[in-house]
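Chemist: Need a 3D model of the sequence below.
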Amino acid sequence: MKLSNIKYLAIASVLALTATSCDDYLDKPTEDSYVADGYYKTDAQCLAGTAYLYNSPWYDFQRGFIKVGEVFSGNYYWGSSPYMTFTLNGSDQDLVNMSYSLWAVIAHANTVYQYIKGSTASEAVRNQCMGECLTWKAMAYFFLVRSFGEVPIVHDNSEELSKGTYSTAPKVKREDVYEYIIMTLEEAMKVLPKSPLEAGRIDYYGAEGLLAKVYLTKAGVRGSLNGDDLAKAAQYAKDVIDNSGRHLLPNYSDVFRLKNNKSEESLIAFRWSCINGEWTAQNTLQSDLFANGFDEFGDLWGGWNGISVDLQEAFGVKLLEQTPDAWINAVDTRLKATMMLPGFKYDYFWQDHDMGNGQKGFDYLKFMFDDQYNPSVTIQDGQVICQSATGSNTVKHLYGDDFDHVQGTGHNASRMSYSLATHILRLSDVYLVYAEAMLGAGRATSTDPNVIDAFYAVRHRAIPSAPRPTSVSWDDVWKERRLELAMEGDRWYDYVRVSYYDPDFCVNELLNQKRNAMWGLSELYRTYYQTGVWNVSTSMQYDNQTAAPTVTSLMKSDPDTGKKYFFMPFPTEDVIFNPNLGSSVDGVHVDVRETYSY
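Modeler: This is a model prediction of the structure:
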């Protein structure tokens with residue numbers, strides 16, 4: 001939704017609304033018949049009529065989800081992208097799509113909430129659906145304030161239209177936006193059930209886990225960590241840990257498989273559907289993130305991207321200093337579940353393909369160099385080459401081929417259309433939020449057994465042989481968050497929240513990352529594939545010539561604290577329409593508890 005295009009507000013206000021099906025909660029109402037007054041009356045209509053909030057309005061956020069969360073943060077290499085070089089401006093199409101998608105979520109959530117509120121459906125269903133609307137609205141604002149800094153608050157679409165103030169709406173101070181998110185989540189928790197009415201839908205503990213993360217982020221917004229906010233973050237996170245009845249899946253990799261789209265570890269997720277062929281309801285991330293030939297549809301163009309050298313080294317991988325045994329035998333199970341490296345094979349991808357020796361599955365190097373195994377191998381100057389610019393490709397967000405999709409979901413994928421869930425808040429994140437919040441405003445090392453238990457639950461699942469530590473430091477949690485949540489769209493937002501109170505730490509860490517490409521890896525990988533010999537020569541190097549980006553170019557000073565924090569500019573056309581959205585314009589204070597109510 002463009003802030004500058006009010007017809008989208010109007011459409012959202014009359015959204016809706018004949019359901020295509022009530023069999024699967026991911027089916028959404030069609031938008032070609034505006035009969036909202038006759039819809040949202042029964043339980044089935046309300047459940048079907050809120051389900052699309054889990055996918056369609058978020059569709060245009062997918063590329064921004066990766067580029068902001070992972071490319072900005074130095075976890076992922078994406079060529080000459082402005083997210084690599086910190087040269088982003090308001091005309092960038094991915095920025096524009098991301099912004100409009102987040103505002104669309106808010107408009108749709110506001111409108112559907114009002115319809116559900118007046119529905120004649122059962123109280124249990126109304127509560128479930130209203131709570132979902134509020135949680136998704138809070139999530140959209142959480143992404144907005146961490147991405148753009150100060151943003152307007154659109155509490156009610158109809159009121160915004162009637163007042164006619166949309167072209168002069170001011171930005172609101174970040175602290176007040178966080179308070180608005182908190183208020184919205186508190187309202188959601190009043191009505192959400194402790195267990196969802198249908199698997200995969202948001203429940204009380206999903207909203208509470210998000211609230212804990214919001215408090216952890218808000219804690220630093222005044223320029224130093226606020227102990228009361230940290231205490232709230234710890235309180236809410238601990239309640240989820242102790243009372244939700246949810247547990248981490250025993251095997252880390254299983255979290256990201258199709259069969260576990262609705263696992264107990266997934267508190268909030270984009271739950272994509274490609275059953276009815278409705279464009280925008282589907283996941284398309286595999287197309288951006290992997291090389292052509294991985295599926296049957298000719299819809300992949302991400303092979304020249306790759307897991308950054310810096311993230312590889314965070315996992316202990318040094319391609320030019322080690323032999324493949326170092327990562328093939330790595331003790332951290334998250335490594336293979338996060339990035340593909342030479343020697344890695346996967347039994348959950350290409351389950352219908354023969355790797356050799358009677359084994360079915362996906363062989364990373366065989367895919368790169370065997371034109372019988374993969375007819376879409378890349379050939380340059382008569383040589384088959386490895387596409388990855390960094391020597392590694394992502395594993396997360398991949399579903400495989402159509403056979404894999406059917407095995408995991410019972411139905412087919414199609415071109416740029418698959419049903420793999422995108423997890424936005426996982427239980428392991430809540431464990432780490434609790435551990436960090438408990439370290440306090442001084443970020444002290446803790447020997448509290450509760451903190452150690454929370455941290456160790458995440459570490460031990462990833463590294464079963466890891467001993468239980470006797471203490472946990474802030475640096476421990478900071479690194480663990482990176483390894484646990486890598487490629488899940490979260491890392492940049494960790495930098496944003498820490499920049500509120502310690503910008504120098506963030507700038508220094510980003511400037512010292514290895515964000516560039518690697519040279520000569522095709523020869524290294526090809527030789528290893530053909531002979532089993534890992535022969536590193538002087539032609540195989542990390543690119544030290546490309547300078548580190550000017551990361552401070554996307555920082556601005558808070559007028560109250562004087563500290564710089566990370567932000568992105570609003571889309572240019574929105575700023576032209578409403579000059580109050582300009583980067584040099586400060587936000588205004590709004591007492592959200594006095595101004596807004598649900």
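
Chemist: Strands of the stretch 351-500 of the chain, start to end?
Modeler: 354-356, 359-360, 362-363, 378-380, 383-385, 393-394, 422-426 (DSSP state E, counting those that start in this stretch).

Chemist: so what secondary structure elements neighbour the first one?
Modeler: It refers to strand 354-356. Contacting strand 354-356 under the criterion 3 or more C-beta pairs under 8 Å, 6 or more residues apart in numbering; DSSP states H and E are the following elements: strand 362-363. C-beta: built from backbone N, CA, C; applies to glycine.

Chemist: contacting residues around the strand it packs on?
Modeler: Applying C-beta atoms under 8 Å, 6 or more residues apart in numbering, the contact partners of strand 362-363 are Lys345, Tyr346, Phe349, Trp350, His353, Met355, Gly356, Tyr373, Gly400.

Chemist: Run me through the strand neighbours of it, direction for each.
Modeler: Here strand 362-363 has these sheet partners by DSSP bridges: strand 345-346 (antiparallel).

Chemist: Can you report how many residues neighbour the nearest residue to Phe270 once chain neighbours are set aside?
Modeler: When the adjacent residues along the chain are set aside, Phe270 lies closest to Thr422, with 4.1 Å between them (C-beta to C-beta, 6 or more residues apart in numbering). Residues lying near Thr422 (other C-beta atoms under 10 Å) number 23.

Chemist: With the one 3 residues further on instead?
Modeler: Counted with other C-beta under 10 Å, residues neighbouring Leu425 total 25.

Chemist: residue contacts, it?
Modeler: Contact analysis of Leu425 by C-beta under 8 Å, 6+ apart lists Gly206, Gly209, Leu210, Lys213, Ser266, Leu267, Ile268, Ala269.

Chemist: Same question for Tyr565.
Modeler: Gly149, Val496, Ser499, Tyr500, Pro503, Met555, Lys556, Asp558.

Chemist: Out of the residues you listed, who's the most crowded?
Modeler: Of all the contacts of Tyr565, the highest neighbour tally under other C-beta under 10 Å goes to Tyr500, namely 26 neighbours.

Chemist: For Phe447, which non-adjacent residue is spatially closest?
Modeler: Just so we're on the same page, residue 447 is Thr rather than Phe. In space, Thr447 comes closest to Ser471 once its chain neighbours are excluded; the distance is 4.8 Å by C-beta to C-beta, 6+ apart.

Chemist: quick one: that neighbour and Ile452 touch, right?
Modeler: Yes: contact between Ser471 and Ile452 holds when scored by C-beta atoms under 8 Å: they sit 7.2 Å apart.

Chemist: Neighbour count for those two, which is higher?
Modeler: With neighbours defined as other C-beta under 10 Å, Ser471 and Ile452 compare such that Ile452 has more, 18 against 13.

Chemist: close enough to count as contact, that one and Ser446?
Modeler: Yes: using C-beta under 8 Å, Ile452 makes contact with Ser446 at a distance of 7.4 Å.

Chemist: returning to that earlier point: quickly list what's touching both of Ser471 and Ile452.
Modeler: A shared contact of Ser471 and Ile452, defined by C-beta under 8 Å, 6+ apart, is any residue touching both; here these are Ser446.
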